[in-house]
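[1] Have a look at this fold, sequence not included:
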């Protein structure tokens, strides 16, 4: 199955959930089909799962979805036991495993099958780390069903999706990393009714009040 087909099919299922993507094709593909203001693009390889975990813990009543890749997760495997220990019921961690480092030229990752030898099983690693809800999928209908079920809570949920090494031709993302960060913060402020980014009142005005 193709990652873009997975994203296109589940995008209509989401409303105000927060979506965190890695620096591979999942980021540009989600930007083409998903809601822009609730989407955080993480450019540092491996950290989208850790940032997603932090958001899930800070906003326990909001669903946080991490769209990760095999190369990204392999750079930060310690995130799996950390997620298992913290047990955020609102976190959905999707790993699109295409067996390559897509963002840096297509070098094979350790999940790739090499002849008769099977690659690393990231789903088995997540289960061994202590995550109870682990699902391995390689068909589109199964992925969509598992994803929809994960939105009902009871997580953390880990979905290991085997996909083709393909990248959809979509328009480039319209915002840079700084604007993307502030856009998500403003989205959270607006939907939560809280102030996150505030400027201190000048001392001269504070004395007058």
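    That came through, no problem. Small disclaimer: the values here were computed from a predicted structure and weren't measured. Numbering: from 1, shown residues only.

[2] where along this structure do the strands fall?
    For the chain, the strands defined by DSSP state E cover 18-21, 39-41, 64-69, 91-97, 100-101, 107-108, 133-137, 157-162.

[3] Mean pLDDT, mean neighbour count and distance to residue 8 for these - can I get that in JSON lines?
    All C-beta spots, glycine's among them, are computed from the backbone N, C-alpha and C. Output for the strands of the chain, formatted as JSON lines (pLDDT from 0 to 100; neighbours: other CB atoms under 10 Å; distance: least, CB to CB, whole Å):
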{"stretch": "strand 18-21", "mean pLDDT": "98", "mean neighbour count": "28", "distance to residue 8": "14"}
{"stretch": "strand 39-41", "mean pLDDT": "96", "mean neighbour count": "23", "distance to residue 8": "15"}
{"stretch": "strand 64-69", "mean pLDDT": "97", "mean neighbour count": "30", "distance to residue 8": "13"}
{"stretch": "strand 91-97", "mean pLDDT": "98", "mean neighbour count": "27", "distance to residue 8": "13"}
{"stretch": "strand 100-101", "mean pLDDT": "88", "mean neighbour count": "19", "distance to residue 8": "21"}
{"stretch": "strand 107-108", "mean pLDDT": "87", "mean neighbour count": "12", "distance to residue 8": "27"}
{"stretch": "strand 133-137", "mean pLDDT": "97", "mean neighbour count": "19", "distance to residue 8": "16"}
{"stretch": "strand 157-162", "mean pLDDT": "98", "mean neighbour count": "25", "distance to residue 8": "14"}
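
[4] Compare these and give me the one nearest residue 191.
    strand 18-21 (9.4 Å; CB to CB).

[5] quick one: strands adjacent to that closest one?
    strand 39-41 (parallel), strand 64-69 (parallel) (DSSP bridges).

[6] Tell me which of the strands of the chain sits nearest to residue 190.
    It is, among these and with distance given as CB to CB, strand 18-21, at 12.7 Å.

[7] Show residues contacting that closest one.
    If you take CB atoms under 8 Å, 6 or more residues apart in numbering as the criterion, strand 18-21 is touched by 27, 30, 34-35, 38-42, 48, 51-52, 55, 59, 62-67, 184, 188.

[8] Enumerate every residue touching the residue nearest the centre of the chain.
    Centroid-nearest residue in the chain: residue 66, 1.7 Å away (criterion: CA atoms, centre = their mean). Going by CB under 8 Å, 6+ apart, residue 66 touches 20-21, 48-49, 52, 91-94.

[9] out of those residues, what pair is the most spread apart?
    The widest separation within these (CB to CB) is 14.5 Å, between 21 and 91.

[10] Return the distance of residue 15 relative to residue 193.
    Distance, residue 15 to residue 193, using CB to CB, to the nearest Å: 17 Å.

[11] Correction: the previous question concerned residue 11.
    On the measure of CB to CB, residue 11 and residue 193 end up 26 Å apart.
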